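Asker: Here's a sequence, model it:
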Amino acid sequence: MTTSLLAYLLIPLFTAILIPFAAKTRRKLADVLANVTLLAGLLNISFILFNPANIALSFSNITEDGFALLMIFIIYLVALCVTFFSSYFIGDDSKVNRVPYYSLIMTSVSAMCGIVTTGDFFTLYIFVEVLAVTSFALIASDESGKGLEGAIKYFLLTFPASLFILFGIAFLMLTAGTFSFESIKIIIASGIPAGAVVFSLSLILLGFLIKSGVAPFHAWTPDAYEGAYAPVSAYLAGIVTKISGVYAVIKISIMLRLFEIKAYHTAEILMFLGMLSIAIGALAALRQKELKRMLAFSSISQIGYIILAAGMGTPLAILGAIFHLVNHATFKTVLFLNSASLEKGAGTSDMRKLGGMEHAMPWTSWTSIVALLATAGVPPLSGFWSKLIIIIALWDGGAKTYAVLALLFSVVTLAYFMVMQKKIFFGNPTEASRNAREVRPAMLAPVVVMCLLIAALGVFFPYIYSYLVETIAARIIL
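Answerer: Down below sits the predicted model:
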């Protein structure tokens, strides 16, 4: 584990333990402790990433793992947006208990930081399972029937993933004698026949694909997202599934060095599953009537782009996958928090009961437009650049059919989001919209900040690309 990044794991864990004692009689103190901890961590990691000295030197003086730093930044950012939003979303009469709710979020932040900073598969598995347990509890934190149903489906359908990962790790120890990422990379790169090692990693990869919600292992995703408490859906879609599954898929892709054809069949399968996810997610999203289910299928589709790029495995494709992972966390957090705002402001997120919401909730409407355009890859927003990198990498790598299909399904993405925007915000007013009102400014603050970041990541893309090349491609991939 990277010792210089250990504080990002330990401090939220300390806060998670502190909250039940400090907020025993004053429950709203739990909100304060969670938000202050996450804000302090976010400011610290932001200074490391974005201070002028690093930018002036094209980030060449950053000594830490660039991939881990980027993931910690996005973990803290999404978690802070969700906890700050939740502080105002959870009413005094809510069935959700603030104290365990914030403790679980802080524990999950600690687990995710552990996942991205660990240096071996066994420790990675431990942190992933901690994250799975906290996610199950968070989904069930809403005591309604849907919350419990979503939590049970999440547990039952991701449990086989844990078995695959565990078997893969055990087989890896028997064949390679190590769990260490660096040792395995050396074995793979040495040219020694490493079929058993590749098989072990493929088992682990299968487990993480299930946890990512990739088609055809996506059955749990819409139910879990729809059934979860509204801010929890944003948390799951924004960062949890990315770190518990997609991050490890990218890590294994880098390790196998698929672009050197060390695991050709594994690469083909990954690319096929990525394209399948893009297609199934986009087409299913077109048919949904409930906003959170539509966003869940959209997430499946967007994760497909990341998996497709990881399967291609060239340095450019990996950079595209990492950047799209960051972008997906930002725009999905906005869209899911806006669905929570609709529940708060209009009492429902059923698109059939909504219409003409633009006048009642203008800020929610326009932030949704920014996020949906970024998701569809419309320039100059951040999603355009990550999708462009992925499509160029596919074309240059010889996967021209996949490149064309990825481009076409970006148009489908724009189509179903425009249908969503028309039905909810630009359609004819309904009874729900006539009685609706915009949520308070404090609840709008996280989505506005995220939208500004989406725009900034697009406008200042040359700096982002410089960071990706210098701290990730040059040191980790090549």
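Asker: Please count neighbours and contacts with C-alpha atoms only from this point.
Answerer: Will do.
Asker: give me the low-pLDDT residue ranges for the stretch 1-150 of the chain?
Answerer: Across the stretch 1-150 of the chain, residues meeting the criterion (pLDDT under 70) sit at 1-4, 92-95, 142-147.
Asker: switch to 80 and redo it
Answerer: Across the stretch 1-150 of the chain, residues meeting the criterion (pLDDT under 80) sit at 1-4, 23-28, 53-65, 91-97, 140-150.
Asker: And the helices in it, which stretches?
Answerer: With DSSP state H, counting those that start in this stretch, the ranges of helices along the stretch 1-150 of the chain come out as 7-22, 29-50, 52-56, 66-89, 98-117, 121-139, 145-176.
Asker: Dump those into a markdown table; add distance to Leu408 and mean neighbour count as well.
Answerer: What follows is these, written out as a markdown table (distance: least, CA to CA, whole Å; neighbours: other CA atoms under 10 Å):
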| stretch | distance to Leu408 | mean neighbour count |
| --- | --- | --- |
| helix 7-22 | 40 | 19 |
| helix 29-50 | 34 | 18 |
| helix 52-56 | 36 | 13 |
| helix 66-89 | 28 | 23 |
| helix 98-117 | 33 | 25 |
| helix 121-139 | 34 | 21 |
| helix 145-176 | 31 | 19 |
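Asker: Show me the shaky parts of the stretch 151-300 of the chain.
Answerer: Low-confidence segments of the stretch 151-300 of the chain, defined by pLDDT under 80: 151-158, 176-178, 187-196, 219-220, 226-228, 256-266.
Asker: let's see it at 70
Answerer: In the prediction, the stretch 151-300 of the chain carries residues with pLDDT under 70 at positions 191-194, 258-264.
Asker: for the helices of the stretch 1-150 of the chain, which one sits closest to Leu373?
Answerer: Distances from Leu373 to each of these were compared by CA to CA, and the smallest falls on helix 66-89, at 19.5 Å.
Asker: so which of the helices of the stretch 1-150 of the chain gets nearest Asp350?
Answerer: helix 145-176 (14.7 Å).
Asker: quick check: angle from the helix or strand that that closest one is followed by to helix 145-176?
Answerer: The helix or strand immediately downstream of helix 145-176 is helix 181-189, counting by DSSP states H and E. Per axes from the mean of the first three to the mean of the last three CA atoms, to 10 degrees, the angle that helix 181-189 makes with helix 145-176 is 60 degrees.
Asker: Helix 181-189: which residues count as buried?
Answerer: Across helix 181-189, burial judged by 16 or more other CA atoms under 10 Å covers Ser183, Ile184, Ile187, Ile188.
Asker: Stretch 405-416 too?
Answerer: Using 16+ other CA under 10 Å as the test for burial, stretch 405-416 gives Ala406, Leu407, Phe409, Ser410, Val411, Val412, Thr413, Leu414, Tyr416.
Asker: Help me confirm that Thr375 comes into contact with Thr330.
Answerer: No: counting by CA atoms under 8 Å, no contact exists between Thr375 and Thr330, whose distance comes to 9.6 Å.
Asker: what's near enough to touch the residue nearest to Phe155 when sequence neighbours are not counted?
Answerer: Sequence neighbours aside, Phe136 is the residue nearest to Phe155 in space, at 6.7 Å (criterion: CA to CA, 6 or more residues apart in numbering). Taking CA atoms under 8 Å, 6 or more residues apart in numbering as the contact definition, Phe136 lies against Ala151, Ile152, Tyr154, Phe155.
Asker: Pick the one among those residues closest to Ile72.
Answerer: Comparing those against Ile72 with CA to CA places Tyr154 closest, at 24.5 Å.
Asker: was I right about that closest one contacting Trp220?
Answerer: Yes: using CA under 8 Å, Tyr154 and Trp220 qualify as a contacting pair, with a distance of 5.5 Å.
Asker: which residue ranges form the helices in the stretch 301-450 of the chain?
Answerer: Chain-ordered helices for the stretch 301-450 of the chain, with DSSP H, counting those that start in this stretch as the definition, fall at 315-346, 357-360, 362-376, 382-396, 400-421, 431-435, 441-459.
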